[in-house]
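> Could you look at this predicted model? Sequence included:
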Amino acid sequence: MRSRDAAGTRKKLVGSAFWEIYRNGYHRARLDAILEGTGVTKGALYHHFADKRALGYAVVDEVIRPWILRRWLQDVDGAPDPLDAIAASARRVVSEATEESIRCGCPLNNLVQEMAQLDEGFRSRLASVMDDWRAGLARALVAGQERGRVRIDVDAGAAALILVGTLEGLASLSKCSGDRDVVRRAMEGLEALLDGLRPTRGPPRPASG
């Protein structure tokens, strides 16, 4: 029972830290604000995490990583048409967007911009999430090529890299504008990009006889 309580306390701290960092950035995140409303003491926090940096690492590993991979790969992996699945995921992101999520942007992108050049522990963790996201998309595109849903001449690895970069760039653009219509138009542009990866339809064959 004690072990279960400890695991619950740790999970509560990581979840609260995620929201504090997401809303305010890592450097402006305050431990007092993280503890507020959790019922966890500062002593208990330091029992689980040596310092704020260790807590930040846990946020990347235990919240941001699964959130990103679930959001962008869960419905794409094994989908009959990966391009349709990626587009559907993008449309879902738009439909589920709140004023806060538009204002705060992508939690992964935020930490990349803030911490990747300052802390190797953050950089390596964030790069790993990006790499797994890109690799998952590349696998899906290769599977799509095998099913005839993606152009065979497409370099799946390069296309996956472009897609990840585009999605993260669109998140930054939406955050900067704070305009839901910008989010919608950006996703329409993404769908046009995906359409460019589809096999071209040749002219209809002349009727025989």
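Great, that's in hand.

> Could I get the pLDDT score of the spatially most central residue of the chain?
Per CA atoms, centre = their mean, the C-alpha nearest to the average position across the chain is that of Ile68, at 3.1 Å. Looking at Ile68, its pLDDT is 96.

> Pro204 too?
Pro204 is given a pLDDT of 42.

> ditto for Ser172
Note on Ser172: pLDDT of 84.

> for Ala54, same thing?
Predicted confidence (pLDDT) for Ala54: 97.

> Just give me the neighbour total for it.
The number of residues packed near Ala54 is 12, by other CB atoms under 10 Å. The C-beta positions use only the backbone N, C-alpha and C, and glycine is treated the same way.

> element containing it, please.
For Ala54, the enclosing helix or strand under DSSP states H and E is helix 52-59.

> what packs against that helix?
Applying 3 or more CB pairs under 8 Å, 6 or more residues apart in numbering; DSSP states H and E, one finds that helix 52-59 makes contact with helix 2-24, helix 120-146.

> so where's this structure uncertain?
Filtered on pLDDT under 70, the chain yields the residue ranges 1-4, 201-209.

> Of the helices and strands packed on helix 52-59, which is nearest Leu73?
Evaluated over these, closeness to Leu73 peaks at helix 120-146, with 4.2 Å, by CB to CB.

> Could you check that closest one and say which residues are buried?
122, 125-126, 129-130, 133-134, 136-141, 143-145 (16 or more other CB atoms under 10 Å).

> out of these, who's nearest Arg185?
Closest approach to Arg185 among the buried residues of helix 120-146 (CB to CB): Leu137, at 22.3 Å.

> For that closest one, which non-adjacent residue is closest in space?
Distance criterion CB to CB, 6 or more residues apart in numbering; nearest residue to Leu137, sequence neighbours excluded, is Ala160 at 3.8 Å.

> which parts of the helix or strand where the one you found lies are buried?
Using DSSP H and E, Ala160 falls within helix 156-177. For helix 156-177, the neighbour count (16+ other CB under 10 Å) marks Ala156, Ala159, Ala160, Leu163, Val164, Thr166, Leu167, Glu168, Leu170, Ala171, Ser174, Lys175 as buried.

> residue contacts, the residue nearest to Leu137?
Arg134, Ala135, Gly136, Leu137, Ala138, Leu141 (CB atoms under 8 Å, 6 or more residues apart in numbering).

> quick check, nearest of these to Asp84?
Closest approach to Asp84 among these (CB to CB): Leu141, at 12.3 Å.

> Next up, the contacts around the closest one.
Contact partners of Leu141, counting by CB under 8 Å, 6+ apart, are Pro82, Val150, Val154, Ala156, Ala159, Ala160, Leu197.
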